[in-house]
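K.L.:
Give the three-dimensional model of this entry:
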Amino acid sequence: MIGYIKGKATVVSKEFCFIEAGGIGYRVFISEMSRQKIHLGAPVRLLTYMAVREDAILLYGFLTQEEYDLFLILISVSKIGPKVAMGILSVMEPADFVLSIRNRNLSVLTKLPGVGKKTAERLLVELKDKVGDFAEGDIDEPESLAAGKPDESGIAADAAKYLRALGYEDTEIQPVLKKLSIEYKDVSPLVSAALREFGKQ
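P.N.:
Numbers count the residues shown, from 1 in each chain. A predicted model of the protein is given here:
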C-alpha cells in the first residue's frame, strides 16, 4: 500500500493531479480545497489512500493528516464512498464538519454534495462517537476562535466563508450577517442563526 507520494505536480485538474516521483506519474484524486493549494510544477507531498475495485485501483490524496483521518471516518459510514467523501472535503474544513456533527446540525449536512436528508441522519448516528478521534484542540471551535475572541468584522468574515462553502451567494449572505452579527459574538452560533434565517426565506 502507498502511504504517501512526494514529487512534482505535473498536471492539476478539477478532480485529480499527476505527481511525478521517481520517473513515474501517479494520478491522485484530490479535493477542491487541496487543488487550490497545489501549484503546477511545484513540489508536493500527499498522504494517500488506495481504493481497490474490480475494474480499477485508485489513489486519493490529502495535504493534511486531518483531511486523511476524516476521509477514513467518512468512508466507514454505510453507503458513503470515496467520491462522496471527497465531495465533502471539497467544501468543508475537517474541523467545521466535526463541529456540525457534534452540534447535530442537520441543515448544514444536507447542503453537502451527495448528502440528502437520510444520508445526513446516517452521518449523525454513525459518527457521533467516531469524531472523538480528532484532537480536541482542533475541533471544539473554528481556528478563528483559538487565539481568543476576535472582533465583529472577523466573526462576520469567518461566518461568510463558511456559508459560501455551503453554496450560498454573497448577495444572500451579507444582508443576513449584517443583521445578525450585532447579536452574536462567536462564529458557530452566528452561522446557525444565519442558516435559520435562510430557512425562513
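K.L.:
what ranges do the helices span in the protein?
P.N.:
Along the chain, the stretches classed as helices by DSSP state H are 32-35, 65-75, 82-91, 94-102, 106-109, 117-127, 136-139, 152-165, 170-180, 187-200.
K.L.:
deepest of these, which one?
P.N.:
Ranked by mean neighbour count, the helices of the chain are led by helix 94-102 with a mean of 22 (mean count of other Cβ atoms under 10 Å). For glycine as for every other residue, the C-beta is placed from the backbone atoms N, C-alpha and C.
K.L.:
Show me what it is packed up against.
P.N.:
On a contact count with 3 or more Cβ pairs under 8 Å, 6 or more residues apart in numbering; DSSP states H and E, helix 94-102 meets helix 65-75, helix 106-109, helix 117-127, helix 136-139.
K.L.:
Turn those helices into JSON lines, including mean pLDDT and distance to residue 164.
P.N.:
Below are those laid out as JSON lines (pLDDT from 0 to 100; distance: least, Cβ to Cβ, whole Å):
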{"stretch": "helix 65-75", "mean pLDDT": "93", "distance to residue 164": "19"}
{"stretch": "helix 106-109", "mean pLDDT": "89", "distance to residue 164": "13"}
{"stretch": "helix 117-127", "mean pLDDT": "91", "distance to residue 164": "20"}
{"stretch": "helix 136-139", "mean pLDDT": "44", "distance to residue 164": "21"}
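K.L.:
As JSON lines, the ones you listed with distance to residue 16 would be great.
P.N.:
Formatted as JSON lines, the helices and strands packed on helix 94-102 follow (distance: least, Cβ to Cβ, whole Å):
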{"stretch": "helix 65-75", "distance to residue 16": "15"}
{"stretch": "helix 106-109", "distance to residue 16": "26"}
{"stretch": "helix 117-127", "distance to residue 16": "24"}
{"stretch": "helix 136-139", "distance to residue 16": "27"}
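K.L.:
For residue 169, which of those helices is the nearest?
P.N.:
helix 106-109 (16.8 Å; Cβ to Cβ).
K.L.:
Just give me how far that closest one sits from the chain centre.
P.N.:
Centre-to-centre, helix 106-109 and its host chain are 14 Å apart (Cα atoms, centre = their mean, to the nearest Å).
K.L.:
now stretch 17-33
P.N.:
The mean C-alpha position of stretch 17-33 is separated from the chain mean by 20 Å, Cα atoms, centre = their mean.
K.L.:
Quick one: end-to-end distance for it.
P.N.:
Stretch 17-33 has an end-to-end distance of 13 Å (criterion: Cα to Cα, to the nearest Å).
K.L.:
That stretch - what's its average pLDDT?
P.N.:
In this model, stretch 17-33 carries a mean pLDDT of 95.
K.L.:
what residue is smack in the middle of this structure?
P.N.:
residue 92 (2.7 Å; Cα atoms, centre = their mean).
K.L.:
isn't it right up against residue 163?
P.N.:
No: if you go by Cβ atoms under 8 Å, residue 92 and residue 163 don't touch, sitting 11.4 Å apart.
K.L.:
Centroid-wise, who is the farthest residue in the protein?
P.N.:
Farthest-from-centroid check, the chain (Cα atoms, centre = their mean): residue 23, 31.8 Å.
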